[in-house]
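Student: this is the structure alone, sequence omitted:
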């Protein structure tokens, strides 16, 4: 006799909480090893590709300090632009066009 998913769900709802937790975990990690292996293989391939680009000189390495400096400059410029926009908006609030 084949049971429907609805029947199985109704039975599962009557289990003690610890068994429900185990059931849920078991259902979620079904075939867990296979996708993780695929993801790991994809990352390994990406790492190899990037290392090959570095070794061949196809890409330029940028020191961390330079990257962080650029990020800080962008953040500060964005904050200054945002503050300027707020300032000009607040100046125009008290005026009415006639």
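Tutor: Perfect, thanks for sending it. Predicted model only: the values in this text are computed from it and were never measured.

Student: what helix or strand does residue 15 sit in?
Tutor: Assigned by DSSP states H and E, residue 15 belongs to neither a helix nor a strand.

Student: tell me, how many residues neighbour residue 12?
Tutor: Using other CB atoms under 10 Å, residue 12 has 13 neighbouring residues. Backbone N, C-alpha and C define where each C-beta goes, glycine included.

Student: and residue 61, which of the three is it?
Tutor: Secondary structure state of residue 61, per DSSP: H, G, I helix; E, B strand; the rest coil, is coil.

Student: residues contacting it?
Tutor: Taking CB atoms under 8 Å, 6 or more residues apart in numbering, we find residue 61 in contact with residue 54.

Student: and it, how far from residue 68?
Tutor: 15 Å (CB to CB, to the nearest Å).

Student: and what of residue 39?
Tutor: Residue 39 sits 29 Å away from residue 68 when distances are taken as CB to CB.
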